[in-house]
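> mind looking at a prediction? Sequence and model below.
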Amino acid sequence: MQSLVAHRSTSGAVRRSAVAPARVPRLAVPVRASAEPAAPKPKPKAPQQMLVYSPPHPLIKHWLAILRSNFTPPPMFRSACAELGRLLIYEAMREFQPTMEQQVETPLGAIADATICDPDQPIKVVPILRAGLVLLEQAGQVLPFHQTYHVGYVRDPATLKVCVCVCAGACVAV
């Protein structure tokens, strides 16, 4: 697509020339599209098996695709982790955020009923070190009242069993 650009010479004559629009470089991350139909929802193989639920939101799918790509540069990977953390916290708190009813005075002087997050019941955020810290970055923007606790796990090389190596915060039982 071309556009016409007018140039005025020193004699005052107007000359028009076609100029191609400037291309804006964009960081493109190739993502393979799958032509396969969506897989059926997994069922737990054992009663103790935890299922992972990924909300069917287009932005969550977008950031997951960026994270899964081999061609994602490290700064974009970190940004995608932070955005995904923000969206997942938002989705998770849809059902679990403690709220309370309160009356607020509006700028027009009227009193309105409002639902606000309960400051007496802060959400406990527990990222598993180190990968969970990137997901935690956006928690403060989404959760008005939260407390952060840290748990770190290490695999014992001899027995291959997982051991808790760090617990920080109020009493954290694992």
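Received it, and whenever you're ready, just let me know what you need.

> contacting residues for Gly140?
Residues in contact with Gly140 (C-beta atoms under 8 Å, 6 or more residues apart in numbering) are His146. No exception for glycine: its C-beta is placed from N, CA and C like everyone else's.

> how close does it get to Val104?
The gap separating Gly140 from Val104 is 23 Å, by C-beta to C-beta, to the nearest Å.

> repeat for Arg86
Taken as C-beta to C-beta, the span from Arg86 to Val104 is 26 Å.

> pick out whichever of those two has more residues nearby.
In this view Arg86 and Val104 are compared by other C-beta atoms under 10 Å, and Arg86 has more residues nearby, 19 against 10.

> thought that one was touching Gln138?
Yes. Checked against C-beta atoms under 8 Å, the pair Arg86 and Gln138 is within contact range at 3.5 Å.

> how about the strands in this protein?
3-8, 14-19, 99-105, 111-117, 123-125, 146-148, 150-155, 162-168 (DSSP state E).

> now the longest helix along the chain against strand 111-117, angle please.
Ranked by number of residues, the top helix in the chain under DSSP state H is helix 74-96. Note on geometry: by axes from the mean of the first three to the mean of the last three C-alpha atoms, to 10 degrees, helix 74-96 and strand 111-117 are set 120 degrees apart in direction.

> what's the average pLDDT for helix 74-96?
Regarding helix 74-96, the rounded mean pLDDT is 87.

> buried residues in it?
Using 16 or more other C-beta atoms under 10 Å as the test for burial, helix 74-96 gives 79-90, 93.

> stretch 105-115 now?
Neighbour-count burial for stretch 105-115, counted by 16+ other C-beta under 10 Å, picks out no residue.

> how far does that stretch stretch from start to finish?
Taking C-alpha to C-alpha, to the nearest Å, the span from the opening residue of stretch 105-115 to its closing residue is 13 Å.
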